[in-house]
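Participant: With the input below, show me the fold.
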Amino acid sequence: MNIQKMMKQMQKAQAQMASVQEELAQKTVDATAGGGMVKVVVTGDGMLRSLTIDPEVVDPEDVDMLQDLVLAAVNEGKRRAADLASAEMQKAAGAMGLPPGMI
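Facilitator: The predicted structure is shown next:
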């Protein structure tokens, strides 16, 4: 294989991956905990965009429960964002003709 051709393909792949990462930063996933009492929105690149807590779950006598709900919602949001990122990267790899799992 020609080295120049291979380098051009690598540059194209890098540009496409950068584009996918930019797109992921604009996409969001939602997650909840406590039956929807705590809601989060996480971007595809894993950044917490918003956190909403239903006032009914705020109990000064049970801060531990609120903390657990926030952690659960954030962790679920980050998991969903990672799944989204993986799916988008696999689509990009397929579009470049790379076999599954190469990215």
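Participant: if I pick the residue nearest the centre of the chain, what's in contact with it?
Facilitator: In the chain, the centroid-proximal residue (Cα atoms, centre = their mean) is residue 81; its distance is 2.0 Å. Contacts were defined as Cβ atoms under 8 Å, 6 or more residues apart in numbering; by that measure residue 81 touches 29, 42-46. The way it works is simple: take the backbone N, C-alpha and C, and place the C-beta from them, glycine included.
Participant: Which of the residues you listed has the largest number of neighbours?
Facilitator: Neighbour tally across the contacts of residue 81 (other Cβ atoms under 10 Å): the maximum, 27 neighbours, falls on residue 42.
Participant: List the beta-bridge partners for that one.
Facilitator: Residue 42 forms beta bridges with residue 29, residue 48, as assigned by DSSP bridges.
Participant: Give the buried residues for stretch 2-22.
Facilitator: 13, 16, 20 (16 or more other Cβ atoms under 10 Å).
Participant: ok, now stretch 81-93?
Facilitator: Buried residues in stretch 81-93 (16+ other Cβ under 10 Å): 81, 84-85, 88-89, 92-93.
Participant: How about stretch 32-39?
Facilitator: 32-34, 37-39.
Participant: Would you reformat the residues you listed as JSON lines and include secondary structure and pLDDT?
Facilitator: Below are the buried residues of stretch 32-39 laid out as JSON lines (DSSP: H, G, I helix; E, B strand; the rest coil; pLDDT from 0 to 100):
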{"residue": "32", "secondary structure": "strand", "pLDDT": "97"}
{"residue": "33", "secondary structure": "strand", "pLDDT": "97"}
{"residue": "34", "secondary structure": "coil", "pLDDT": "96"}
{"residue": "37", "secondary structure": "coil", "pLDDT": "97"}
{"residue": "38", "secondary structure": "strand", "pLDDT": "97"}
{"residue": "39", "secondary structure": "strand", "pLDDT": "98"}
